[in-house]
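> One predicted model, sequence on top.
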Amino acid sequence: MIMALIQSTLFKYKKFVVWAVLLLVTLLGCVASIPSRVDALSGSQFQAGRIIDDGVFYNSSAMTAGQIQTFLNSKLPTCDTNGTQPYAGTTRASYGTSRGYPPPYTCLKDYKQAIPTVVNGGSDLCKQSIVGGTKSAAQIIADVSRACGINPQVLLVLLQKEQSLVTDDWPWSIQYRSATGYGCPDTAPCDSEFYGFFNQVYQAAKAYRRYEANPTQYNYRSGRNNTILWHPNASCGSSTVFIQNQATASLYIYTPYRPNAAALNNLYGTGDACSSYGNRNFWRMFNDWFGSTLSSAYEAQFVRQSAYPSMFPGDSSNAYIDYKNVGLNTWYDKTSVPVGQQPISFATSSPINRASDFGTDWGSGKNRPTTLFNKVFEADGTTLAANQHRALPGQIVRFAFTFKAPANLASGQYTEWFQPIVEGSSNWNMGGKAWLRATVAKPTFSAAFHSQSIYPTLKQNGNHDAYIQYRNSGNQPWYEAGSNPAGVAPVVLATTENINRASQFGATWGNGKNRPAIRFAKVFESNGATLASNQNVVQPGQIVRFEFSFTAPSDISGAIYREWFQPIREGSSNWNMGGKAWLQAKVIATTHSATFHKQCAFPVVNRGSTASCFLEYKNTGSSNWFDMIGAPSGIKPTNLATTNSINRASQLGGLWGNGKNRPSGVFARVFEADGITLTADQHLVRPGQIARFEFNFSAPANLSPGKYREWFQPILEGTRNWNIGGTAWIEPTVQ
C-alpha cells in the first residue's frame, strides 16, 4: 500500500536529493526523521509474530485531543511556514514552487480541516459518530480514534511512517492528500476517492477494524503460521511467521513485508537490497515515542458501551461498559478472587478514584461504580462464558452500574471517565480509559391555565370562595407543600403582577397576603374530571385545582378589581412556571352607620371605686358589625371608642386598656330591631339590629369631685373609614 505512495509522492515530487538515495535503497520509504534516544532500542527485541498487542493497538483512550496536540507541538516546535530555509541550492519556497507546491506550508501541529459529520461511525466497523466542523489535526485524530476504537498513537505513528507528517516542518499538500497511504497500492497510483487528511485517517482506522471483523478474508491471520515476504521483490524470498494476535496481523495486511536481519541490525538506518522497513519503523517509532507495544500482565481493551445516559436531576439511569481482557492474566471479581490475588474493580478515572457527582450509590468514595462482573462473554462478545465471575485472556467483561443525578445538579452534559483497575495493587493501571457523556436534562416546570370559577361578587367585609385550575405542561411532577421530597420545591399559588403582591382581598392568604393556596384542593387526570390516585402530586399532563377565598376589607370602595395569580415553585430561584391568570372581583359598596339607641342612667362614682354603664346602638348601615370575638380573619371589628376627640384618653378609663380609650370591644348583648329579643349570634350585628356595649367607669382616688361629661361612639377598628357615627355622651358624677 505504501510502495506506490513513495514512488509517486516523496521520490517524484519532494526533496529529491535527500530522499532519492534512501528510497532507492529502502523501497518501502518508511524512513522518518531519526529520533535521538538515550537508551537505544535493539532490533533483537523485535518479534515478527507479535509486533504490537491488541490491548495497545485498540486502546482508543490512550491520548486525548489535548495530549495529542501537546505531543505534536513537542515534536515540531517551529514550522518553516514560508519556506525560508535553504534547500537544494535555493530556498524551500523556490524549490517547492518549482514542483507545484508553493508556500505557505502548514505543519501537522497547525493543520485544520473542515470535516463532515459521520453518524454512528458511518459503518458497523466504527461504532461512534463524529461531529463535523472545522477541526485541528489533533482533534481529527482523537475523534477517529474514539469512533473506530484505534489507539491514537497508532495513527500518529502511521502518519509518520507513511509521510513523515509528525516531524516535517514544511509538508506539501500532497502529503496530506495521501497522509496514511490508504488507497495507495504498491502497483498502482493512489485512488483519488480516498484523498484528504480526514478521509485518509478515517479510512485507515476503519480498515484496521475491517481486518479484525473479517479475518478469514485476508492472507495474514492470527493464531497460525503465515508466509511473509521479506521484500516486494519475490526473489528476496519469504519466511514463516506465527502471528500471535490480530493487531500484528492487521499491520501485515496494511504493509505486507517483514524486516530482515539487516534492517533490524541497523535499526535507525538501512539494511541491504532485500530489506523492508514499514513494520520495523512502526515498531521502532511506537517504542521510541510511546513505550512498549506489548501488553502487561493486566491489560484492558475497551469494546463497547451503553447509550449515553440521560436523566433529570434526582433521577437515575443505567449504563454499562464492556472490556476485553487483552493482558496475560485472568481477571476475577471480588466474589471469586483466589487467595493471594487482587480482584478487578471498575473505578472512576481522570483522575483515578475521582469522586463523581453521579456516584451516590458507588460506595463511600463515590468512585467504584461496581466491583462485580455483570456479565462475562467469550471473545465474540455474545456467548456467555461458563464462569461469570472470571474473565480469561480474550474474554469480555461487562461492568453495569447506575448513574444517579443529585436533585440540585445543574442541567447539562457531564463527561464521566472510567477504567478497570487491579484493586489494591501498586500496578493497578490496566489502561482502558473510557467515558460516558451523561446528560442531565433541564427539568421544565411549566403551568398552563385550564379553568376557573365564576368571577366573585362580594360586599365590603364579605367573603367569596373561588378556584383556579392549571395543567402541568412541563416534564416534572409538582409536589404539594409537606409532600415534597427533600431538596424539591413545592408548588403553591401566588399573587402576581407583580409577583408576591399583597392583595386587598388576601386577609386569609398568609402574613404577606400573597399566597391564596399552598395546598392542592383536587388533582385530576388530563381529562379534568377523573381524580388522580395521588392527590398530593401533579404529574405532567394532570390538572390541579387551587381553592381560596376573597375577603373584601370593610373600607374598600365599590368597584371591579382584577386580581392576578400564578403557580410558583416556592423557595426556588427558578420559581416562575408561567400560567398567569386573573379573576375579576366585583365589590358592592356597603355603608357602615350607627345610630344611638339608649344608654344607662348617669352613674355616680365614688373616688377610688367603679360604676357600670352601657350604650346601645342600632346598625343603620348595610354592613354587618363583628365584635373582637366574632370577627372573621381579615375583617375589622366594631369597637366602642372614646371621642370628642377620637381616641381621647379618659380620666375615668382606668379599665379601658392602655390608651384609656376603648371602653369595650365585645358586644354585651345583641337584640333584634325591637330592642328586646336577643339574636341568635351575640357577636354579630346585622343591619337593623341593636348592639349593647357594657363597660365600667373607674374614678381615681385623687380625682376632684364633680360632673364629667364623657363622649363615645362605635368605630370600625383599624380602617380608614372608621367613623360610623353614633356620637353619644354620659355624664358621671364623681363624689
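Happy to help now that I have it. Everything quoted here is computed from the prediction, not taken from an experiment. Numbering: from 1, shown residues only.

> C-alpha only now, for contacts and for neighbours.
Noted.

> shaky segments in the stretch 151-300 of the chain?
By pLDDT under 70, the stretch 151-300 of the chain has no low-scoring segment.

> how close does residue 602 get to residue 734?
According to CA to CA, to the nearest Å, residue 602 stands 11 Å off from residue 734.

> Compare these two (neighbour count), which wins?
residue 734 (23 against 17; other CA atoms under 10 Å).

> my guess is the more buried one contacts residue 608, does it?
No: if you go by CA atoms under 8 Å, residue 734 and residue 608 don't touch, sitting 9.8 Å apart.

> Overlap in contacts, the two.
Each of residue 699 lies in contact with both residue 734 and residue 608 under the rule CA atoms under 8 Å, 6 or more residues apart in numbering.

> Where do the strands of the stretch 251-400 of the chain begin and end?
Here the stretch 251-400 of the chain has its strands, by DSSP state E, counting those that start in this stretch, at 300-305, 310-311, 316-325, 331-332, 344-348, 375-377, 390-391, 396-404.

> can I get those strands in CSV with mean neighbour count and distance to residue 457?
Formatted as CSV, those follow (neighbours: other CA atoms under 10 Å; distance: least, CA to CA, whole Å):
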stretch, mean neighbour count, distance to residue 457
strand 300-305, 24, 64
strand 310-311, 19, 47
strand 316-325, 21, 50
strand 331-332, 24, 77
strand 344-348, 25, 65
strand 375-377, 22, 70
strand 390-391, 24, 78
strand 396-404, 23, 51
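
> Ok, which of those comes nearest residue 470?
strand 310-311 (25.5 Å; CA to CA).

> For residue 642, see how far away the closest residue to residue 624 other than its chain neighbours is.
Closest residue in space to residue 624, ignoring its immediate chain neighbours: residue 686 at 4.7 Å, by CA to CA, 6 or more residues apart in numbering. In this view, residue 686 and residue 642 are 23 Å apart by CA to CA.

> Can you pick out the residue with more neighbours from the two?
Using other CA under 10 Å, the more surrounded residue of residue 686 and residue 642 is residue 642, with 27 against 23.

> Give the bridge partners for the more buried one, please.
residue 712 (DSSP bridges).

> residue contacts, it?
Contacts of residue 642 (CA under 8 Å, 6+ apart): 648-650, 661-663, 710-713.

> For the nearest residue to residue 506 once chain neighbours are set aside, what is the enclosing helix or strand?
Nearest residue to residue 506, sequence neighbours excluded (CA to CA, 6+ apart): residue 513, at 4.4 Å. Assigned by DSSP states H and E, residue 513 belongs to no helix or strand.

> got the contact list for residue 513?
501-507.

> how about a cut-off of 6 Å?
By CA atoms under 6 Å, 6 or more residues apart in numbering, the contact list for residue 513 reads 502-503, 506-507.

> The residue nearest to residue 624 is in contact with residue 622, isn't it?
No: counting by CA atoms under 6 Å, residue 686 does not reach residue 622; the two are 8.1 Å apart.

> if I read this right, residue 371 contacts residue 347, doesn't it?
No: the pair residue 371 / residue 347 is not scored as a contact, 8.4 Å apart, by CA under 6 Å.

> For the stretch 1-150 of the chain, just list every one of the helices.
Using DSSP state H, counting those that start in this stretch, the helices of the stretch 1-150 of the chain run over residues 3-5, 11-13, 16-26, 54-57, 65-75, 92-98, 137-148.

> what helix or strand is the nearest residue to residue 350 once chain neighbours are set aside on?
Nearest residue to residue 350, sequence neighbours excluded (CA to CA, 6+ apart): residue 417, at 6.1 Å. Using DSSP H and E, residue 417 sits in strand 412-422.

> can you list the residues that contact that strand?
Applying CA under 6 Å, 6+ apart, the external contacts of strand 412-422 come out as 344-349, 428-430, 432-440.

> just the buried members of those?
Taking 16 or more other CA atoms under 10 Å as the criterion, what is buried in these is 344-349, 429-430, 432-436, 438-440.

> now, which of these sits nearest residue 573?
Among the buried ones among the contacts of strand 412-422, residue 440 lies closest to residue 573 (CA to CA), at 18.2 Å.

> any idea of the pLDDT on that closest one?
Here, the pLDDT recorded for residue 440 equals 94.

> partners of it in the sheet?
residue 311, residue 412.

> Residue 697 too?
With DSSP bridges as the rule, residue 697 is bridged to residue 611.

> gap between it and residue 628?
21 Å.

> Looking at these two, which has the bigger crowd around it?
Using other CA under 10 Å as the criterion, residue 697 and residue 628 rank with residue 697 on top: 24 against 17.

> if I read this right, the more buried one contacts residue 611, doesn't it?
Yes: at 5.3 Å, residue 697 counts as touching residue 611 under the criterion of CA under 6 Å.

> Leaving out chain neighbours, which residue sits closest to residue 201?
Spatial nearest neighbour of residue 201, chain neighbours left out: residue 180 (6.3 Å); criterion: CA to CA, 6+ apart.

> likewise residue 545?
Taking CA to CA, 6+ apart, and ignoring the residues beside it in sequence, residue 545 has residue 469 as its nearest neighbour in space, at 4.4 Å.

> quick one: the one you found from residue 529, how far?
Counting by CA to CA - residue 469 and residue 529 are separated by 12 Å.

> likewise residue 511?
From residue 511 to residue 529 the distance is 33 Å (CA to CA).

> Then residue 161?
Residue 161 is 74 Å from residue 529, by CA to CA.
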